[in-house]
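A.B. asks: 3D, please:
(chains A, B, C and D)
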Protein chains: 2
Amino acid sequence: MKKLIEHLKKTIDINDSDLEIILSKFQSKSFYKNEEITSFGKTSKYFRFINHGLLRVYFIDNQAKEITVQIGTENTWIGDIHSFLTQTPSQYHINILEDTSISQIHKTDLETLFQQVPIMERFFRLKVQRAYISLQERTLHQLNKPAAQRYLEFKRKYGHIEPRVPQYMIASYLNISPEHLSKVRRSLAKK
Amino acid sequence: MKKLIEHLKKTIDINDSDLEIILSKFQSKSFYKNEEITSFGKTSKYFRFINHGLLRVYFIDNQAKEITVQIGTENTWIGDIHSFLTQTPSQYHINILEDTSISQIHKTDLETLFQQVPIMERFFRLKVQRAYISLQERTLHQLNKPAAQRYLEFKRKYGHIEPRVPQYMIASYLNISPEHLSKVRRSLAKK
DNA sequence: TAAATGCCTTAATCTAGATTAAGAAATTAT
DNA sequence: ATAATTTCTTAATCTAGATTAAGGCATTTA
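C.D. replies: Residues are numbered from 1 along each chain as shown, chains lettered A, B, ... in the order given. Have a look, this model is predicted:
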């Protein structure tokens, strides 16, 4: 839980007793490469912090193709916020790209914490704000930038992860075909 | 402020004294048709609730074209959440489509309320959650559905507003050209 | 009530990126 | 190591929707 503790302390001003109460509601779990930790139709019951590892969130579009919506690694939260918040079935799958250890909290326990430890209300607000900001930036890029620029943006932000993820997943994250990504990379390399 | 009070009471459980403190930080304002209430480059300092009227948020893309990202009417919040939260310059413009009256709160006053009235922390968390959920749904549709289906979805959700908004704004909201929307509507009418 | 401006439609042409197909390279399993 | 499978590349063809252009309709302004 060391990483999670660091993360909590960095995000909010928190005293030791509150910290202890919060941590008591989290449980640690490990997953192994190629596992699916949740999938389409299941309601997302946990909010998950990645201590270390690599995984991705994707959905199957109306042409039966995988579209990657998030790639997550150490020190980030991952999951289907929509399903978690509304407690409706998820549109998404999550699969493990590299062995991963997480700390997770159940929806019910989180609600309890909101009542019990008011600072948690703030913590979660800040997390949702962050998620919103990222999603808005991503949506704006998707609408506004051609494929090659979106790829450069991806490299800038996820350069350290790029070699660990198959290209076809990156392509689907950028919302282009793998063939087209191949072309884009070649044309950028030439310059 | 009647609509705002209703809205607060519907969202959270709130006592009269907290309500009074919260309302004291809001101010009412009116805007008239065709005004711009904020624009590109300005940092968004207010969180705004629409009591009544009609307005839209849009940005200018890299081909100098307007892309509508939100259309707002009575009982909704409107603005650039990204700019408001990060206090960085906004990418967006907001213009008034019909005379509008709003209630707004300044970022600083909101922060004060977070300290002073803990329930406000929850209220705002719920608002950001809602915004996230809408944005995620919209992003998913944008990726996954063809133009005609996005238009039908728009009608289902905003049917009551449709006749009040020029078609070219609807087209830009759907991320298609006005010409194409014209074609889509014709082909749907035929059926 | 006419002129000006803004908005909408139709049709022809164009384009970014998709799709299909097939071989090459890399990874994983035996 | 070798076979099997997965991933990546290249090139030809295709397509949803963009762009351009021009005429018609509707609303605002004088």
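A.B. asks: Over to the residue lying closest to A:E74 once chain neighbours are set aside. Which of the three states is it?
C.D. replies: Spatial nearest neighbour of A:E74, excluding adjacent residues (CB to CB, 6 or more residues apart in numbering or on different chains): A:H52 at 4.6 Å. C-betas here are computed from N, CA, C, even on glycine. Going by DSSP: H, G, I helix; E, B strand; the rest coil, the secondary structure assigned to A:H52 is strand.
A.B. asks: likewise A:K127?
C.D. replies: Classification of A:K127 by three-state DSSP places it in helix.
A.B. asks: Pull the number of nearby residues for the closest residue to it other than its chain neighbours.
C.D. replies: With sequence-adjacent residues excluded and distances taken as CB to CB, 6+ apart, A:K127 is closest to A:W77, at 6.2 Å. Neighbourhood size, A:W77 [other CB atoms under 10 Å in any protein chain shown]: 17.
A.B. asks: and A:W77, what does it touch?
C.D. replies: Neighbour list for A:W77: A:F47, A:R48, A:F49, A:I50, A:K127, A:A131 [criterion: CB atoms under 8 Å, 6 or more residues apart in numbering or on different chains].
A.B. asks: so where do the helices sit in chain A?
C.D. replies: Here chain A has its helices, by DSSP state H, at A:2-11, A:16-24, A:81-86, A:107-116, A:118-144, A:147-158, A:167-174, A:178-190.
A.B. asks: Ok, which of those helices comes nearest A:T43?
C.D. replies: Nearest to A:T43 among the helices of chain A is helix A:81-86 (5.8 Å), distances taken as CB to CB.
A.B. asks: Could you pull up the mean pLDDT of the closest one?
C.D. replies: For helix A:81-86, the mean per-residue pLDDT is 92.
A.B. asks: Surely A:L54 touches A:N95?
C.D. replies: No - between A:L54 and A:N95 there is no contact under CB atoms under 8 Å: 10.3 Å.
A.B. asks: residue ranges with poor pLDDT in chain A?
C.D. replies: By pLDDT under 70, the weakly predicted segments of chain A are A:190-191.
A.B. asks: Pop the domain breakdown of it in here.
C.D. replies: Per the record, chain A has its domains at A:2-144, A:146-191, by automatic domain parsing.
A.B. asks: of those, which approaches DNA strand C most closely?
C.D. replies: Nearest of the domains of chain A to DNA strand C, taken as CB to the nearest atom of the strand: domain A:146-191 at 3.4 Å.
A.B. asks: how far is that closest one from where the chain is centred?
C.D. replies: Counting by CA atoms, centre = their mean, to the nearest Å, domain A:146-191 is centred 19 Å from the centre of its parent chain.
A.B. asks: Say whether chain B is contacted by it.
C.D. replies: Yes - counting by CB under 8 Å from any CB of the partner chain, contacts between domain A:146-191 and chain B involve A:N175.
A.B. asks: How about the residues of chain A by DNA strand D?
C.D. replies: Taking CB under 7 Å from any atom of the strand as the contact definition, chain A meets DNA strand D at A:P166, A:Q167, A:Y168, A:P178, A:E179, A:L181, A:S182, A:K183, A:R185, A:R186.
A.B. asks: Are any of the residues you listed buried, and if so which?
C.D. replies: Neighbour-count burial within the residues of chain A next to DNA strand D applies to A:Y168, A:L181; the criterion is 16 or more other CB atoms under 10 Å in any protein chain shown.
A.B. asks: out of the residues of chain A next to DNA strand D, which touch DNA strand C?
C.D. replies: Among the residues of chain A next to DNA strand D, proximity to DNA strand C is found for A:E179 (CB under 7 Å from any atom of the strand).
A.B. asks: Adding distance to B:Q104, write the residues of chain A next to DNA strand D out as a markdown table.
C.D. replies: Shown next, in a markdown table, are those (distance: CB to CB, whole Å):
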| residue | distance to B:Q104 |
| --- | --- |
| A:P166 | 48 |
| A:Q167 | 47 |
| A:Y168 | 47 |
| A:P178 | 47 |
| A:E179 | 49 |
| A:L181 | 44 |
| A:S182 | 49 |
| A:K183 | 48 |
| A:R185 | 47 |
| A:R186 | 51 |
